[in-house]
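>>> I would like to see how this sequence folds:
(chains A and B)
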Amino acid sequence: MEGAGEPLALLRATAITPFRREENITLVLSGGQIAQMGKPEDVSIPAGIRQIDLKGNYVLPGFIDLHVHGGYGYDFCDDSPHALDKISSFHSRYGTTSLIATIYPQPEEPFLNKIKQIREYCESAPLHRIIEGIHAEGPFLNPEMHGAINPEWMWPATVENYHKIIDAGGSWVRVMTIAPEIPGAMDVLRVAALGKRKVTAPNNGRIYPIYLSIGHSKAPYEELAEAIDNGMEGVTHIFNAMPSIHHRKPGVLTGTLLRDELFVEVIADALHVHPAVLKLLMKVKTHDKILLVTDAIRAAGQPEGKYLFSSHEIEVRQGRAYISNCPETLAGSTLNMGKAVRTMVKLGGASLEQAAQMASLNAARVLQWKYRRGILAVGKDADLAIMDPDLHVNMTIKRGHIVWDRENAA
Amino acid sequence: MRIVIHENYGSMSQWIAHYVAQKIKSYNPTPDNPFVLGLPTGSSPIGTYQELINIHTEGKLSFKNVITFNMDEYVNLPEDHPESYHYFMWHHLFSHIDIPKENVNILNGNAPDLEKECREYEEKIVQAGGIHLFLGGIGPDGHIAFNEPGSSLQSRTRIKTLTYDTILANSRFFDNDVSKVPKKALTVGVGTVMDSDEVIIIVNGYKKARALQKVVEEGVNHMWTVSALQMHERGIIVCDEEATMDLKVGTVKYFKDIEQSSLQLPPL
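The predicted structure is shown next:
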């Protein structure tokens, strides 16, 4: 199979499936998939293939990060040709095997060009690339809830504008954050949720329904409920860029906690959301509905200092990224998925099995990859994160390729 | 209840026509054992009738052993009036196919005793062996035939007084003159339609979106008489995308998912 790594056997793994924890498991990876998996006596390792003794370390389904802006000094909105590879190399060392490149609103031309560039990269890079789609964080957002995004760069919500984005990105546009209360947004939601093309679309390739997530919004509860009927399935970085709970005027946050059907993105760095609130979320939304994301910006993996995000100068101090002179407004994070899993286990009240599900399977479900990803089983893609007992990532495997190995890292 | 969603009116009409044709053919009707078909008037079925004519013209379907019963007719409108349902049916379907005239049954709105006409219509259906497949449309207020909101869901064929809204809406076919629109009609009842072995309701266009939402996502209710279909063992709503505008996205996705393999044309 093109792009598949050399066959590989992993011995003495503690597999987090994520429904169970299984000790002393052997995995044989071949053709980019998990070819065999089980107790040593039940698996026949083909002669001559490379074997790695994991000595009891954990094997988890590779992490899927729905919300990433950058890392290693680069942002997906940069024009640099190195940006995509550099960002990939940062996140792959922390167990991410799929990331959805997240772009904030920009004026039409640069926004559409950026989408086209990411699409071209996805279509030409080898199959073990980890960038697997685009998350349009906007451009149909509420300018009043802009957070660190330049409000002047948001677009009016029209089906025509939506189709411009789909024409540029095709089926690589997999996630859209949208504020349902702005005029026209409900129509866009419906068209996007049903995966509808323009009648005059240039080709008849399939357009997948997009995972629609409410964010940068101050919609009242009633409009959130209407948005759910029109296809809204999730919530972007819960608690951030949305009003707090008001008991007489319920809004996005109340609706998010109340409505079981909504998935929620959580930036689990214990800075964006206090550990007590992480525990509250586990109680209310449960591990079936939480999506661990990083919302990482270019400062991730870089020294503390000043960086650019959207049109703002960002300052990073003690891992906390905020708008300069405005320390209360956080602007993305310096988080990685390995740390998000660790935080949920150590501070957020989750078991490792639950954290693994929140870092992979739940995202696979919203991206409609649930038959290929998010579960360790024979026939699934060989996308794996290997963690030591202290939950630091030792190795990352994408479609059978070792894309990060701490022991052999430069 | 099945809901089959097609991309547009054309593909919807073609699918329904093929479905009906396939039902008739697989029944293998004979003079002694005819296929009994219930038919509507209105704008929705015109495309289906055109497709049925095409299938017949291609030699793939005969109506020689098909008996039809229509849903309704105005009272006191001459049969040759262009707005009569007699005229509509011959113009849009019967003149173009090989159905014997004596196999066509349409309520006579000029009968001297209208109640007797209704009673005998029900008896004729029973004598024909009952209706195998009833095709119907839906009004913007969810009505089927002239069973307007509030009609009993067990109603039989009877005389109905038209509401002023219906008269006003239909005046566009009568020189925009309300006084020329018939004030009464004969119609099969909701119960008459539900007695059929199988029912197909054709729903197309934005104007029907609210009615479809009520009938699909809410309960059985006499204010939206097509909702009685929820109680039918073999009821199918066939609609176009436009008509789904008021349904929840979740509802649309659900039915698209379970019906995705049935969207191809039934083979003839």
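>>> tell me who's in contact with the closest residue to chain B within the stretch 151-300 of chain A.
Nearest to chain B in the stretch 151-300 of chain A, going by C-beta to the nearest C-beta, is A:Gly231, at a distance of 3.6 Å. Where C-beta positions appear, they are placed from N, C-alpha and C, glycine not excepted. Neighbouring residues of A:Gly231 by C-beta atoms under 8 Å, 6 or more residues apart in numbering or on different chains: A:Leu189, A:Arg190, A:Ala192, A:Ala193, A:Leu194, A:Pro209, A:Leu212, B:Val249, B:Gly250.
>>> chain B: strands as residue ranges?
In chain B, the segments counted as strands under DSSP state E are B:2-6, B:35-39, B:66-70, B:72-74, B:104-105, B:133-136, B:158-161, B:184-187, B:198-203, B:235-240.
>>> return the residues of chain B in contact with chain A.
Contact residues, chain B versus chain A (C-beta under 8 Å from any C-beta of the partner chain): B:Glu241, B:Met245, B:Lys248, B:Val249, B:Gly250, B:Val252, B:Lys253.
>>> specify which member of the contacts of A:Gly231 is nearest to B:Asn170.
B:Asn170 has its nearest neighbour among those in A:Arg190, at 32.5 Å by C-beta to C-beta.
>>> surely that closest one and B:Leu247 touch.
No: counting by C-beta atoms under 8 Å, A:Arg190 stays clear of B:Leu247, with 10.0 Å between them.
>>> quick one: buried residues of stretch B:172-192?
Of the residues in stretch B:172-192, B:Phe174, B:Val181, B:Pro182, B:Lys184, B:Ala185, B:Leu186, B:Thr187, B:Val188, B:Gly189, B:Val190, B:Gly191, B:Thr192 count as buried by neighbour count, 16 or more other C-beta atoms under 10 Å in any protein chain shown.
>>> got a pLDDT number for the residue in the stretch 1-150 of chain A that chain B sits nearest to?
Per C-beta to the nearest C-beta, A:Phe140 is where the stretch 1-150 of chain A lies closest to chain B, at 16.9 Å. You'll see A:Phe140 listed with a pLDDT of 98.
>>> which residues touch it?
Neighbour list for A:Phe140: A:154-157, A:161-162, A:176, A:178-179, A:182, A:184-185, A:188 [criterion: C-beta under 8 Å, 6+ apart].
>>> PyMOL command for the buried members of those residues?
A single PyMOL command selects the buried members of these (16+ other C-beta under 10 Å):
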select buried, chain A and resi 154+155+157+162+176+178+179+182+184+185+188
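>>> which stretches in the stretch 151-300 of chain A count as strands?
A:173-178, A:211-214, A:234-235, A:263-267, A:290-293 (DSSP state E, counting those that start in this stretch).
>>> with only the CA atoms kept, save the second one in PDB.
Provided in PDB are the C-alpha atoms of strand A:211-214 (Å, rounded to 0.1, in the frame of the first residue of the first chain):
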ATOM      1  CA  TYR A 211     -18.900  19.200  11.800                       C
ATOM      2  CA  LEU A 212     -20.500  22.400  13.000                       C
ATOM      3  CA  SER A 213     -19.400  23.900  16.200                       C
ATOM      4  CA  ILE A 214     -20.800  27.000  18.000                       C
END
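>>> does that strand reach chain B?
No: Strand A:211-214 stays clear of chain B (C-beta under 8 Å from any C-beta), getting no nearer than 9.2 Å.
>>> which residues sit against that strand?
Identification of contacts with strand A:211-214 by C-beta under 8 Å, 6+ apart yields A:66, A:174-180, A:189, A:192-193, A:224, A:227, A:231-236, A:252, A:256, A:262-263, A:265, A:366-367.
>>> for that strand, what is the distance to the chain centroid?
13 Å (C-alpha atoms, centre = their mean, to the nearest Å).
>>> can you pull out the low-pLDDT segments for the chain?
I went with chain A, as the question did not name one. A:1-4, A:197-207, A:410 (pLDDT under 70).
>>> actually it's chain B I care about, not the one you picked
Along chain B, the model assigns pLDDT under 70 to no residue.
>>> in it, what residue is nearest chain A?
For chain B, C-beta to the nearest C-beta, closest residue to chain A: B:Val249, 3.6 Å.
>>> check the contacts of A:Gly231 and tell me the two furthest apart.
Spatial extent of these (C-beta to C-beta) is set by the pair A:Ala192 and B:Gly250 at 14.2 Å.
>>> contacting residues for A:Gln302?
By C-beta under 8 Å, 6+ apart, the contact set of A:Gln302 is A:Tyr72, A:Gly73, A:Val316, A:Thr334.
>>> make sure it is indeed in a strand.
No: counting by DSSP: H, G, I helix; E, B strand; the rest coil, A:Gln302 is not part of a strand but coil.
>>> run through the residues of the stretch 51-200 of chain A sitting next to chain B.
Counting by C-beta under 8 Å from any C-beta, the residues of the stretch 51-200 of chain A close to chain B are A:Leu189, A:Arg190, A:Ala193, A:Leu194, A:Lys196.
>>> which of these are buried?
With burial judged by 16+ other C-beta under 10 Å, the buried subset of these is A:Leu189, A:Arg190, A:Ala193, A:Leu194, A:Lys196.
>>> from these, which ones fall inside helices?
Of the positions in these, A:Leu189, A:Arg190, A:Ala193 sit in helices, assigned by DSSP state H.
>>> which residues does the first one contact?
Taking C-beta under 8 Å, 6+ apart, we find A:Leu189 in contact with A:Ile178, A:Pro180, A:Leu212, A:Ala227, A:Asn230, A:Gly231, A:Met232, B:Val249.
>>> helices - which of these land there?
The helices, defined by DSSP H, take in A:Ala227, B:Val249 from these.
>>> between the contacts of A:Leu189, which sits nearest A:Gly379?
Nearest to A:Gly379, judged by C-beta to C-beta, of those is A:Leu212 at 29.5 Å.
>>> what is the burial count for the closest one?
Residues near A:Leu212, counting by other C-beta atoms under 10 Å in any protein chain shown, number 25.
>>> same deal with A:Ser324?
A:Ser324 has 13 nearby residues by other C-beta under 10 Å.
>>> shouldn't it be in contact with A:Val316?
No: the criterion here is C-beta under 8 Å, and A:Ser324 misses it with A:Val316 at 10.1 Å.
>>> can you pull the residues that touch both of these two?
The overlap between the contact sets of A:Ser324 and A:Val316 (C-beta under 8 Å, 6+ apart) consists of A:Lys306.
>>> would you map the helices across the stretch 251-400 of chain A?
Assigned by DSSP state H, counting those that start in this stretch, the helices in the stretch 251-400 of chain A fall at A:252-258, A:275-284, A:337-346, A:352-356, A:362-366.
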